[in-house]
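Colleague: From the sequence below, what's the structure:
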Amino acid sequence: MKDQTQQVRAAQEREQAGSGARGHSRSGYRPAASAPSSPSLPSWVTWRQRPFPDANLLLLHGRRPALVDSGFVGHAEETADWAEAHTHAGRIDLVVNTHWHSDHVGGNALLQARGAAVAAGAPEAEAVSRRDPGCCSAEYLDQPVAPYTVDMALDDGQVLRLGDADWEVVRTPGHTPGHLALWQPDERLLVVGDALSDYDVGWVNLALDGPGMAVTALDSLRRMADLAPRVVLPSHGPIPADPASAFAAALRRGQRLVDDPDGAVWYGARRVFAFALMIREGIPADEVEPYLHARAWLTDAARLLGRTPEELAAELVETMLRGGSIVLRDGRVHAAAEHTPVAARSLRVPFPREWPAAVSTD
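Modeller: Numbers count the residues shown, from 1 in each chain. This is a model prediction of the structure:
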């Protein structure tokens with residue numbers, strides 16, 4: 001078999017020879033671009049865009065300072081320090097997770113150690129409390145998450161006091177079964193998590209969550225669009241300048257994922273692989289395909305696509321190099337999109353099957 005480093009380099013050279021303008025497609029993460037001017041936010045909201053592998057920062061000021069999502073574990077200290085420095089009280093009372101993926105819950109443990117409570121959608125809260133091995137899809141996706149507990153399980157329609165404003169919990173399954181949005185009706189602010197961004201929609205896991213999950217995700221997009229928000233606050237990318245246009249694009253994209261299940265599987269595989277490269281500062285070119293062969297998500301994707309894991313791994317690398325979402329540099333395959341480096345030591349946390357038992361907060 002040809003040396004994998006040579007395969008990777010050959011694919012990249014073919015791409016460079018025929019390169020042209022590229023937009024975002026199913027190839028992975030869209031490179032960062034300058035954001036247009038965004039709708040105004042109330043003075044009691046602080047929002048900051050962050051590159052992958054972190055979710056954006058959303059801080060809600062008031063008597064009960066709250067942070068929505070807490071980024072990746074490798075940047076937990078930066079997240080906690082930033083949030084505490086930007087509150088008048090110098091503390092965070094509550095972290096609300098839109099869902100349990102690693103780029104949204106990575107700072108939970110540290111913020112809890114500093115006195116914050118954590119709230120999350122009921123299905124995920126219950127699984128975290130039981131210490132289910134599948135928590136956060138951490139082991140399945142090979143994305144580390146530091147052990148945390150959920151102090152408050154959130155249900156659809158529940159009203160939360162965050163900062164000094166009331167927010168309604170809106171259940172929006174799709175990207176994960178427990179995904180939620182937060183709606184502030186007075187200012188018409190909508191926190192959408194990974195359901196959509198200014199440039200795309202969240203990937204869906206048809207292998208773990210069932211073939212109907214793309215339809216479920218589309219239904220959630222319709223439910224959020226019906227709220228007609230003035231401001232959409234996504235977990236990744238800029239605040240959309242035109243919420244109605246962002247939802248129209250998201251609904252079209254969501255419908256394509258419903259109509260093309262294979263495309264939905266490819267989209268998820270590309271996103272997960274790009275994230276793996278980001279948090280590891282790339283993977284040596286000759287280790288990329290063996291790494292992929294060992295991943296449960298890759299095996300599941302191959303099954304759904306009627307390929308062997310080896311076939312899918314090779315095609316995944318080839319197409320992402322050709323599409324420009326990954327690059328070969330200094331003998332390593334890297335994600336091309338902007339991302340913040342992660343210290344290797346921060347990845348050394350146990351998967352949920354080895355988490356200590358949750359301590360009851362009753």
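Colleague: Which secondary structure state is assigned to residue 190?
Modeller: strand (DSSP: H, G, I helix; E, B strand; the rest coil).
Colleague: Contacts only, for it.
Modeller: 181-184, 224, 227, 229, 231-233, 243 (C-beta atoms under 8 Å, 6 or more residues apart in numbering). (Glycine included, C-beta is placed from N, CA and C.)
Colleague: Of those, just say which sits nearest to residue 347.
Modeller: residue 233 (28.4 Å; C-beta to C-beta).
Colleague: Give the buried residues for the longest helix along the chain.
Modeller: The single longest helix within the chain, with elements called by DSSP state H, is helix 261-279. Residues of helix 261-279 classed as buried: 264-279 (neighbour count, 16 or more other C-beta atoms under 10 Å).
Colleague: thinking again about what came up before, just send the contacts of residue 190 back as CSV, with neighbour count too.
Modeller: What follows is those, written out as CSV (neighbours: other C-beta atoms under 10 Å):
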residue, neighbour count
181, 24
182, 24
183, 18
184, 22
224, 23
227, 17
229, 25
231, 20
232, 29
233, 23
243, 23
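Colleague: Could I get those in TSV, plus columns for secondary structure, pLDDT and distance to residue 111?
Modeller: Converted to TSV, the contacts of residue 190 look like this (DSSP: H, G, I helix; E, B strand; the rest coil; pLDDT from 0 to 100; distance: C-beta to C-beta, whole Å):
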residue	secondary structure	pLDDT	distance to residue 111
181	strand	98	21
182	strand	99	18
183	strand	99	23
184	strand	98	22
224	helix	98	27
227	coil	98	29
229	coil	98	27
231	strand	98	25
232	strand	98	25
233	strand	98	19
243	helix	97	29
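Colleague: The closest residue to residue 40 other than its chain neighbours pairs with what?
Modeller: Spatial nearest neighbour of residue 40, chain neighbours left out: residue 231 (8.0 Å); criterion: C-beta to C-beta, 6 or more residues apart in numbering. Note on residue 231: beta-bridge partners by DSSP bridges are residue 189.
Colleague: thinking residue 231 is in contact with residue 41, fair?
Modeller: Yes. Between residue 231 and residue 41 there is a contact under C-beta atoms under 8 Å: 6.6 Å.
Colleague: what touches both of the two?
Modeller: residue 189.
Colleague: what's near enough to touch the residue nearest to residue 40?
Modeller: 38-41, 187-190, 239, 243.
Colleague: tally of neighbours for residue 244?
Modeller: Neighbourhood size, residue 244 [other C-beta atoms under 10 Å]: 12.
Colleague: Surely it is in a helix?
Modeller: Yes. Counting by three-state DSSP, residue 244 is located in a helix.
Colleague: in the stretch 101-250 of the chain, which spans are helices?
Modeller: Listed in chain order, the helices of the stretch 101-250 of the chain (DSSP state H, counting those that start in this stretch) span 102-105, 108-113, 122-130, 138-141, 206-209, 213-225, 243-259.
Colleague: helices or strands up against the longest one?
Modeller: Meaning helix 243-259. Counting by 3 or more C-beta pairs under 8 Å, 6 or more residues apart in numbering; DSSP states H and E, the packing neighbours recorded for helix 243-259 are helix 213-225, strand 231-234, helix 261-279.
Colleague: what helix or strand is residue 315 on?
Modeller: helix 309-323 (DSSP states H and E).
Colleague: tell me which residues in the following helix or strand past that helix are buried?
Modeller: Per DSSP H and E, the first helix or strand lying C-terminal to helix 309-323 is strand 326-329. For strand 326-329, the neighbour count (16+ other C-beta under 10 Å) marks 326-328 as buried.
Colleague: Dump the C-alpha coordinates for strand 326-329 into PDB.
Modeller: Coordinates of each C-alpha in strand 326-329 appear next as PDB, following Å, rounded to 0.1, in the frame of the first residue of the first chain:
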ATOM      1  CA  ILE A 326      -7.600  20.300   5.700                       C
ATOM      2  CA  VAL A 327      -4.000  20.900   4.700                       C
ATOM      3  CA  LEU A 328      -0.700  19.100   4.800                       C
ATOM      4  CA  ARG A 329       2.000  21.100   6.600                       C
END
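Colleague: so how far is that strand off the chain centroid?
Modeller: Its chain's C-alpha centre and that of strand 326-329 lie 22 Å apart, by C-alpha atoms, centre = their mean, to the nearest Å.
Colleague: go on, stretch 142-153?
Modeller: Worked out by C-alpha atoms, centre = their mean, stretch 142-153 lies 14 Å from the chain centre.
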